[in-house]
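K.L.:
any chance you could fold what I've pasted below:
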Amino acid sequence: MMKRQRLKPSVSRQTLLLLAGLLWIAVGTMLLSLAAGWLREGHAHVFLLVAVGVFAALLIHHFGFLRVVDKNLSRILPMEGKRCVFSFMSWKSYLMVVLMMAMGMGLRHSPIPKPLLAVLYIGIGLALILSSIRYLRVLLQTRKS
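P.N.:
Residues are numbered from 1 along each chain as shown. Prediction:
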C-alpha cells in the first residue's frame, strides 16, 4: 500500500486550480486555432460566422461551462492536503471529455462544411477560455488568503 501512495502524483489544491484553468485555456486555444484555419481558407461571410461563434460562446460559457466549473470548484476547494493530479475533474467529466473528443473527430471528418464547423469550434473554444478565468480568479483569491 505504501508503494502505491508514492506512485500517486499528488499536488496541492492551488496546483489543481492552475492545471484546470490552463487545460481549459489550452483546449480552447486548440479549437480556436482549428476554426481560424478553416476560416482562413476564405469564405464570403467570415465576419458573420465569427460573430455567431462569439455569440454562441457567450451562451455556452454562461449556461453550460460555468456550471461545470462551479461543480469542479465545489469539489476542489474543500480538499485538504495533497490530492491526485487528475482530481481537478470528476471521473464522469473525464468520460464526457472522451465523448466530446470522439464527437469532435467525427465532425471534423464529416461532410459538414468547415466554415460551419468553425462556428461551433469558436463557440466551444472561446467558452472554454472564458470559463477558465473563474479557475484562475479563484486560484488568485486562495493565494491571497
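K.L.:
which residues touch the residue positioned nearest the centre of the chain?
P.N.:
Geometric centre of the chain, nearest residue: Trp24, 3.2 Å, by CA atoms, centre = their mean. By CB atoms under 8 Å, 6 or more residues apart in numbering, the contact set of Trp24 is Leu128, Ile129, Ser131, Ser132, Tyr135. For glycine as for every other residue, the C-beta is placed from the backbone atoms N, C-alpha and C.
K.L.:
any idea whether it is helix, strand or coil?
P.N.:
helix (DSSP: H, G, I helix; E, B strand; the rest coil).
K.L.:
repeat for Gly81
P.N.:
coil.
K.L.:
gap between it and Leu17?
P.N.:
Between Gly81 and Leu17 the distance is 15 Å, computed by CB to CB, to the nearest Å.
K.L.:
okay, those two: which has more neighbours?
P.N.:
Neighbours were counted for Gly81 and for Leu17 using other CB atoms under 10 Å; Leu17 has more, 25 against 7.
K.L.:
now do the strands in this protein.
P.N.:
Along the chain, the segments classed as strands by DSSP state E run 10-11, 83-84.
K.L.:
could you dump the ones you listed into CSV and include mean neighbour count and distance to Ile60?
P.N.:
Below are the strands of the chain laid out as CSV (neighbours: other CB atoms under 10 Å; distance: least, CB to CB, whole Å):
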stretch, mean neighbour count, distance to Ile60
strand 10-11, 14, 29
strand 83-84, 15, 28
